[in-house]
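*Asks:* sequence first, then the predicted structure, then my questions.
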Amino acid sequence: MEQTLPKLKTNLDTNLLKLVAVVCMLLDHFGGTFFEQVPAFRWAGRLAFPLFCYCMTVGMLYTHDIKRYLGRLGLFALISQPFWILAFNAEDFWGNLLNLNIFFTLFMSLLTV
């Protein structure tokens, strides 16, 4: 007899949370690039990762096909990797191929579940 797990009941809109996470991430990257001496930008950026993790977890619980969800996340990680290297490590592109962006971390965490 197969048991089904109860669905997560949430009244938070994950699209809004994703938008907040993206804004926090942009503040972090902007502050790290242009205002290294102002820690407030970096503090705001520290909210992005937990928000992305929460949204990914909710998405995992509500998806109809976990393999497609995992595939889309992995594809986005692969597509965004060259741009991430160019933005943050352009001086040594080929030497930084294994310095992975955050979407690989999210992909690997979803893969372990």
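*Replies:* Thanks, I have it.
*Asks:* CA only for contacts and neighbour counts going forward, please
*Replies:* Fine.
*Asks:* domain assignment for this protein?
*Replies:* Per the record, the chain has its domains at 13-48, 63-113, by automatic domain parsing.
*Asks:* list the buried residues of the helix ranked longest in the chain.
*Replies:* Secondary structure of the chain per DSSP state H: the longest helix is helix 66-88. Using 16 or more other C-alpha atoms under 10 Å as the burial criterion, the residues of helix 66-88 that qualify are 69-70, 73-74, 77, 80-82, 84-85.
*Asks:* so which other helices or strands are in contact with that helix?
*Replies:* helix 102-112 (3 or more C-alpha pairs under 8 Å, 6 or more residues apart in numbering; DSSP states H and E).
*Asks:* pLDDT weak spots in this structure?
*Replies:* For the chain, the stretches with pLDDT under 70 are 1-12, 90, 93-97.
*Asks:* rewinding a little: how about the buried residues of helix 66-88, which pair is most distant?
*Replies:* Y69 and I85 (24.4 Å; C-alpha to C-alpha).
*Asks:* can you list contacts of the host helix or strand of M56?
*Replies:* M56 belongs to helix 48-62 when assigned by DSSP states H and E. For helix 48-62, the external contacting residues (C-alpha atoms under 8 Å, 6 or more residues apart in numbering) are 7-8, 14, 17-18, 20-22, 24-25, 66, 69, 106, 110.
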